[in-house]
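# The sequence and its predicted three-dimensional model are supplied below.
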Amino acid sequence: MADGPFTKTQTAIPGRDWEGSLIMKLQKKIAIVTGAGQGIGRGIVETFAREGADVVINDLHIDSRTEEVKQYVESRGSRCIVVAGDVSQRCHVERLFEETWAQLGPADILVNNAGIETIVPFTELTDEQWDAVTQTNLKSEWMCAQTFCKRLIAEGRKGAIINIGSIQAARVLPGRTHYAPSKLAVEALTRNISAEMGPHGIRVNCIHPGLIDTPMIRWVLESPEILPQVVAQISLGRPGKPCEIGSVAAFLASEEAAYVTGQALYVDGGWVGK
Ligand code: NAP
């Protein structure tokens, strides 16, 4: 019997299948999220689990935070492993992908989220501080993306990569002459990888978060002087939540974004546009 004007997956009610059940955007997908023990990475993992994905949590160490996130994922009926490792180191990156393939199977989605921020006046910035930020925020994204894409191409599989940048790709904050360039470069990295990987069916996009409530910026959120100054610049008048980055990442990772690649999206409550 014909389905009428809609197919089984294309129905009259957005987000519902033919029988009216909720469609999960990432069902049967396997996602790797770096730096996912807390903050934005954790928000992305939890959103992905709610959307039906199996998830690999990467962070520097296995600890009570990563165990809590793993338990959440499993409570949603998804599979989950934790692979500790420093994604600014090539050997740790290789191991992350080896463990994923061995324990869960080939991944479909990579979220390059791990990042660090330090605040140092330009004239006091040392080589070591420059290198630490650049290697964690930029080189890690390049290495993880390259390792992921090589595997996908060898196996003839498609995939999606989401690189996490920052509002600071477009806004000047004091003491960030190392951090801001690393995040602007993430946008260029995204565009360039997307151009080379498009023919292989691998989409690559970037999210630039604004002020998001995580341990990284707790000092801003807890400062009665600084917080009102920052929030005054945000059209929606509040910091964002990690799950509000998670929902955009889930969209970009899903088939709903099948024709979106090479883009950088500010998810900042209307900060950069104000
Ligand atoms: P966060 O709260 O500090 O969390 C980052 C996580 O990444 C931590 O669990 C950290 O582990 C881990 N990590 C750091 N270096 C790593 C490495 N080399 N390998 C593996 N894991 C590593 O930060 P967040 O606020 O969630 O930020 C996540 C991303 O969003 C970063 O790229 C950041 O630059 C970006 N961002 C954040 C904001 C914001 O307002 N929060 C705004 C713009 C962009 P440890 O805790 O063990 O160090």
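Yes, it's here. Numbers count the residues shown, from 1 in each chain.
# Can you give me the distance of the spatially most central residue of the chain to Ala36?
Of all residues in the chain, the one closest to the mean position by Cα atoms, centre = their mean is Val111, 3.9 Å from it. Distance from Val111 to Ala36, counting by Cβ to Cβ, to the nearest Å: 8 Å. In short, each C-beta sits where N, CA and C put it, glycine included.
# got any residues that touch both of those two?
Taking Cβ atoms under 8 Å, 6 or more residues apart in numbering as the criterion, Val111 and Ala36 both touch Ile44.
# Give me the contacts around the helix ranked longest in the chain.
Using DSSP state H, we find that the single longest helix of the chain is helix 179-197. Contacts with helix 179-197, where a contact means Cβ under 8 Å, 6+ apart, come from 112, 117-118, 133-134, 137-138, 141-142, 145, 149, 161, 163-166, 168-170, 172-173, 203-206, 208, 261-264.
# Contacts only, for the residue of the stretch 51-200 of the chain found nearest the ligand.
Nearest residue of the stretch 51-200 of the chain to the ligand: Gly115, at 2.1 Å (Cβ to the nearest ligand atom). When contacts are counted by Cβ under 8 Å, 6+ apart, Gly115 touches 35, 136-137, 164, 166.
# Would you mind listing what in the stretch 51-200 of the chain touches the ligand?
58-61, 86-88, 113-117, 136, 140, 164, 166-167 (Cβ under 6 Å from any ligand atom).
# quick one: which of those residues sit in helices?
Checking those against DSSP H, those in helices are Ser140.
# Which residue, neighbours along the chain excluded, lies closest to Gln129?
Of all residues not flanking Gln129 in the chain, Val120 sits nearest, at 5.6 Å (Cβ to Cβ, 6 or more residues apart in numbering).
# isn't there a strand covering that neighbour?
No. Under the criterion used here (DSSP: H, G, I helix; E, B strand; the rest coil), Val120 is coil, not part of a strand.
# per-residue pLDDT, it?
Val120 is assigned a predicted lDDT (pLDDT) of 98.
# Ok, Ala257 next?
97.
# average pLDDT for stretch 26-44?
On average, stretch 26-44 scores 98.
# that older thread, correct me, but the residue nearest to Gln129 touches Pro174?
No. Assessed by Cβ atoms under 8 Å, Val120 is found out of contact with Pro174, at 9.9 Å.
# These two: which has the busier surroundings?
Neighbour totals were compared for Val120 and Pro174, and Val120 leads with 17 against 9 (other Cβ atoms under 10 Å).
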